[in-house]
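Engineer: Sharing a sequence plus its predicted fold:
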Amino acid sequence: MSHIDVAHPYFGIFLMIVLASVIFFGLVFLASKIGNNFASKNRKRLGLGIYECGPIPVKQANKINSQFFIVALIFILLDIEVVFLFPWALIFKILGWFGLLEVLIFILLLGVGFLYAYKKGAFAWQSIK
């Protein structure tokens, strides 16, 4: 008797996935070889050109708006809130009063974070002018 069990109900699906993977990687390999044959061989002119289209870039100091960091802070606060409160909501009856006190402290700290973001103007719409 052979070690391959062709009577398994998922054997055909497994073969289709393997065949699709082989065909996909074969097509990607073939496309890269065809693309290399038609690609421009003059790389020096390409390396000296402007990377992006438009006017010639001028050297400027990098100015990062502090609004970016405030938005990142709000995202982290909301992300941690969901990660913490969802499992807590599933077992809040088991945790009892300790769990309630724990989540109240967490919401208080979360409120401090939102108050800080509000004071910094994170919730105000910015003009793009």
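Structural biologist: Yep, that arrived.
Engineer: contacts, neighbours, all on C-alpha from now
Structural biologist: Will do.
Engineer: What residues of stretch 98-114 count as buried?
Structural biologist: 99, 103, 110, 114 (16 or more other CA atoms under 10 Å).
Engineer: which intervals of this protein have sub-threshold pLDDT?
Structural biologist: Scanning the chain with the threshold set as pLDDT under 70 gives 1-6, 40-62, 64, 125-129.
Engineer: all helices of it, in order?
Structural biologist: 11-38, 43-48, 67-90, 92-119 (DSSP state H).
Engineer: Nearest to residue 35, out of the buried residues of stretch 98-114: which one, please.
Structural biologist: residue 114 (51.9 Å; CA to CA).
Engineer: Against residue 83, how distant is the closest one?
Structural biologist: Going from residue 114 to residue 83 by CA to CA, to the nearest Å gives 17 Å.
Engineer: Repeat that for residue 116.
Structural biologist: 21 Å.
Engineer: who has more neighbours, these two?
Structural biologist: residue 116 (15 against 10; other CA atoms under 10 Å).
Engineer: contacting residues for that one?
Structural biologist: The contact partners of residue 116, by CA atoms under 8 Å, 6 or more residues apart in numbering, come to none.
Engineer: and it, how far is that from residue 124?
Structural biologist: For residue 116 relative to residue 124 (CA to CA), the value is 13 Å.
Engineer: and if you look at residue 23?
Structural biologist: From residue 23 over to residue 124 (counting by CA to CA), the distance is 52 Å.
Engineer: more neighbours, the two?
Structural biologist: A side-by-side neighbour count of residue 23 and residue 124, using other CA under 10 Å, places residue 23 first with 12 against 8.
Engineer: on that earlier part again, dump the buried residues of stretch 98-114 into JSON lines; add distance to residue 8 as well.
Structural biologist: Formatted as JSON lines, the buried residues of stretch 98-114 follow (distance: CA to CA, whole Å):
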{"residue": "99", "distance to residue 8": "49"}
{"residue": "103", "distance to residue 8": "50"}
{"residue": "110", "distance to residue 8": "53"}
{"residue": "114", "distance to residue 8": "56"}
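Engineer: Many thanks, I have nothing further to ask.
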